[in-house]
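Trainee: how would this look folded up:
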Amino acid sequence: MSVITQAFSDAFQLLASGDEETFAAVQATLSTSGLAMLGCIIPGVPLGFLLGYTRFPGRNMLRILVDTALSFPTVVLGLLVYLLLARQGPFADFELLFTVPGIAIGLALLGLPIVIAHTCLAVEQADRLLAPTLRTLGAGPWQLLFSTVRELRFHLLTACITAFGRVVSEVGISMLVGGNIKWATRTITTAITLETGKGDYARSIALGIVLVALAFVLNMGLAALRRRMGP
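Mentor: Residues are numbered from 1 along each chain as shown. Below you'll find the model as predicted:
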């Protein structure tokens, strides 16, 4: 028990002192996660809107594929992205393997189905009178999209936070595509894996505390937005 207590004490000291190695992993995590969220939100919300709102041949199969992608093994996704970016892969010329943007691509592919599926579900459950009313008022396709997004803003924020939680806690993709390079592509999750294996529990706990704090801050922010903007 004293070992655990000492590890927690050392962890808080690392955070309080601004340990460079610890916060380098935090920086890499925020960079990769931020880029990944842009990569899954910008296309994900419109695609989810179209999937939930429109009817076309093959829609049900596409919906099944999106739902299946929610449980796609992340280590396999990391392997596929690695092969695409590797020296023999089709995108080797971009030199994205073992870089922050390379990790972000893999994480964006992980979060994209989450945003699409949650947006689609929110649109399907929205007030069925919303779209006809907007059309009656002369709304075009883009106005219809933005008005629906505004109506469903809290559902979409929840979808984004869910995607962020999956992205920021991913290990396999970050390890395979990023290579766990110290001071460059070592993220919080890969650092925790490495440091725990080395027996450096203090740094692992410190990074774990940061992850939990990120989740808490995001959910507190969502709650504050909900109260400020009202129903």
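
Trainee: mind checking pLDDT for Asn60?
Mentor: Note for Asn60: predicted pLDDT of 88.

Trainee: from the chain's centroid, how far away is the strand or helix carrying it?
Mentor: Using DSSP states H and E, Asn60 maps to helix 59-69. Centroid separation for helix 59-69 versus its chain: 20 Å, with Cα atoms, centre = their mean, to the nearest Å.

Trainee: got the angle between the next helix or strand after it and helix 59-69?
Mentor: Toward the C-terminus, helix 59-69 is succeeded by helix 74-85 as the next helix or strand (DSSP H and E). Counting by axes from the mean of the first three to the mean of the last three Cα atoms, to 10 degrees, helix 74-85 lies at 100 degrees to helix 59-69.

Trainee: in terms of secondary structure, what does helix 74-85 contact?
Mentor: The helices and strands touching helix 74-85, judged by 3 or more Cβ pairs under 8 Å, 6 or more residues apart in numbering; DSSP states H and E, are helix 100-125, helix 172-178. For the C-beta atoms, the positions are set from N, CA and C on the backbone; glycine is no exception.

Trainee: helices or strands up against the longest one?
Mentor: Right, helix 100-125. Counting contacts by 3+ Cβ pairs under 8 Å, 6+ apart, helix 100-125 packs against helix 20-53, helix 59-69, helix 74-85, helix 153-168, helix 172-178.

Trainee: hey, which of the ones you listed is tucked in deepest?
Mentor: Of all those, helix 172-178 has the most neighbours on average by mean count of other Cβ atoms under 10 Å, namely a mean of 26.

Trainee: ok, then the element right after that helix?
Mentor: Next along from helix 172-178, by DSSP H and E: helix 188-198.

Trainee: returning to what we had before: what helices or strands is the helix holding Asn60 leaning on?
Mentor: Secondary-structure packing of helix 59-69 (3+ Cβ pairs under 8 Å, 6+ apart): helix 20-53, helix 100-125.

Trainee: closest one to Pro90 among those?
Mentor: Closest to Pro90 of these, according to Cβ to Cβ: helix 100-125, at 13.2 Å.

Trainee: name the residues of that closest one that come out as buried.
Mentor: 100-123 (16 or more other Cβ atoms under 10 Å).

Trainee: contacting residues around the helix holding Asn60?
Mentor: Helix 59-69 is contacted from outside by 51, 112-113, 116-117, 120, using Cβ atoms under 8 Å, 6 or more residues apart in numbering.

Trainee: one more time with 7 Å
Mentor: Taking contacts as Cβ atoms under 7 Å, 6 or more residues apart in numbering, the residues outside helix 59-69 that touch it are 51, 113, 116-117, 120.

Trainee: what of stretch 191-203?
Mentor: Contacts of stretch 191-203 (Cβ under 7 Å, 6+ apart): 7, 10-11, 14, 22, 25, 171, 180, 204, 207-208.
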